[in-house]
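[1] A structural model of the following input is requested.
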Amino acid sequence: MSSATSWLTLTDARLRNLKGFDVTIPIARLTMVCGPSGAGKSTLFRDLLHPAVTHAIKTKTAKLTGKAYAKATAHASDLLAPGSSLHAPFSALTGAQVFKQVIEVDQSPIGKTPRSTPATYLGIFDLIRTFFAGIPEAKMRGYSAGRFSFNTAGGRCETCSGAGRIKLEMAFMPDTYLSCDDCRGTRYAPELADLRWKGKNIADVLALTFEEAVAYFDFHSQLSQVCQLMCDCGLGYLTLGQSSPTLSGGEAQRLKLVTELTHGLASYRERSRNIGFQNLYILEEPTIGLHLSDCEKLIRVLHALVDQGHTVVVIEHHLDLLAEADWILELGPVGGPDGGELLYQGPLAGLLKQKNSPTAPYLRAKLGK
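    Predicted structure coming up:
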């Protein structure tokens, strides 16, 4: 680690089972957090560091004291460890003022309604509909962006109510679905078929894969970046209009990851003025449900974020990800009340030498050391 590296420092962390230790995280580096379940990893980073850094960013505070944080945060007193005489869950937080925002990716599920699609979940469908509403023919007909939604009357196919399929209820058997004969699964009314933008109507655009969409939206930096992120995470084969219930657990998890990553993309003003910024990303077990090849794509995405100057903290058990760490923290030695201790923090090579580390033996075997 270079002597010029800046640090995010949290001193005397005391929350639930955390035993009052100091944490240092290098800025613009990839940090991995490991340890047994229940050791306090999520408590430390999601329940303590995340809100504390967010508060420091909001108040533009270079050094946030735990007392000031507790005073400003109404629920802080409820977070103290039982029997603690402190009035705050930490003593001080420094280095957080460099961040623009904190972006967290957790394991909560995405929406599973048939009307939810990757385009709607990513938040890009509103922009696409706005483009179609700007077509001269659409303006002549008085169509607004809402007309190009398959969830509202006027634009949607009324036979299937914009679902693209018809539900058949069968006695003593599971319900089955057939493609709508009127719209042929496009979800839209026929009068929208001749309204084309760059040679495609709204249904054609939703049928594009994200790999195809990168080239189709090459004129728009935000849309092309979002589509490229989907490809980078190994989801380029999905279509923009695919129904969310058809996604696997791993696909849904990566879609959520991309959604959170898009929140950290540079705005038009930042891009045009070449304004740099740094985000703090906190991810909890992003490899759940992923194949090994998908984990490799995820690792490339995480390294790309670091190369852009962002700070990435990953709570993880997957050895392939732990082996990629610039900096690693281990909590333990067990879960519950007897956990909450910081066993190690530092470069990966140092953890491999720790004799009391629950993780080190598995990492040594993985790395052949």
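[2] switch to C-alpha atoms for all contacts and neighbour counts from now on
    OK.
[3] how about Ile103, what does it touch?
    With contact set as C-alpha atoms under 8 Å, 6 or more residues apart in numbering, Ile103 has these partners: 260-261, 263-264, 279-282.
[4] just the buried members of these?
    Among these, the ones that count as buried by 16 or more other C-alpha atoms under 10 Å are 260-261, 264, 279-282.
[5] can you give me the strands in this protein?
    Under the criterion DSSP state E, the chain contains strands at 7-13, 21-26, 30-34, 63-65, 92-94, 99-105, 165-168, 176-179, 278-284, 311-315, 327-332, 341-346.
[6] Adding distance to Gly155 and mean pLDDT, write those strands out as CSV.
    Converted to CSV, the strands of the chain look like this (distance: least, C-alpha to C-alpha, whole Å; pLDDT from 0 to 100):
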stretch, distance to Gly155, mean pLDDT
strand 7-13, 51, 97
strand 21-26, 51, 97
strand 30-34, 46, 97
strand 63-65, 52, 95
strand 92-94, 52, 97
strand 99-105, 34, 92
strand 165-168, 16, 83
strand 176-179, 18, 84
strand 278-284, 39, 94
strand 311-315, 42, 96
strand 327-332, 52, 97
strand 341-346, 57, 97
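[7] got the ones you listed as JSON lines, with distance to Arg115 columns?
    Shown next, in JSON lines, are these (distance: least, C-alpha to C-alpha, whole Å):
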{"stretch": "strand 7-13", "distance to Arg115": "42"}
{"stretch": "strand 21-26", "distance to Arg115": "41"}
{"stretch": "strand 30-34", "distance to Arg115": "36"}
{"stretch": "strand 63-65", "distance to Arg115": "44"}
{"stretch": "strand 92-94", "distance to Arg115": "43"}
{"stretch": "strand 99-105", "distance to Arg115": "23"}
{"stretch": "strand 165-168", "distance to Arg115": "11"}
{"stretch": "strand 176-179", "distance to Arg115": "15"}
{"stretch": "strand 278-284", "distance to Arg115": "27"}
{"stretch": "strand 311-315", "distance to Arg115": "32"}
{"stretch": "strand 327-332", "distance to Arg115": "41"}
{"stretch": "strand 341-346", "distance to Arg115": "45"}
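[8] Could you provide the buried ones among the contacts of Ile103 in JSON lines, with additional columns for distance to Lys139?
    Below are the buried ones among the contacts of Ile103 laid out as JSON lines (distance: C-alpha to C-alpha, whole Å):
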{"residue": "Glu260", "distance to Lys139": "34"}
{"residue": "Leu261", "distance to Lys139": "34"}
{"residue": "Gly264", "distance to Lys139": "34"}
{"residue": "Asn279", "distance to Lys139": "40"}
{"residue": "Leu280", "distance to Lys139": "43"}
{"residue": "Tyr281", "distance to Lys139": "42"}
{"residue": "Ile282", "distance to Lys139": "44"}
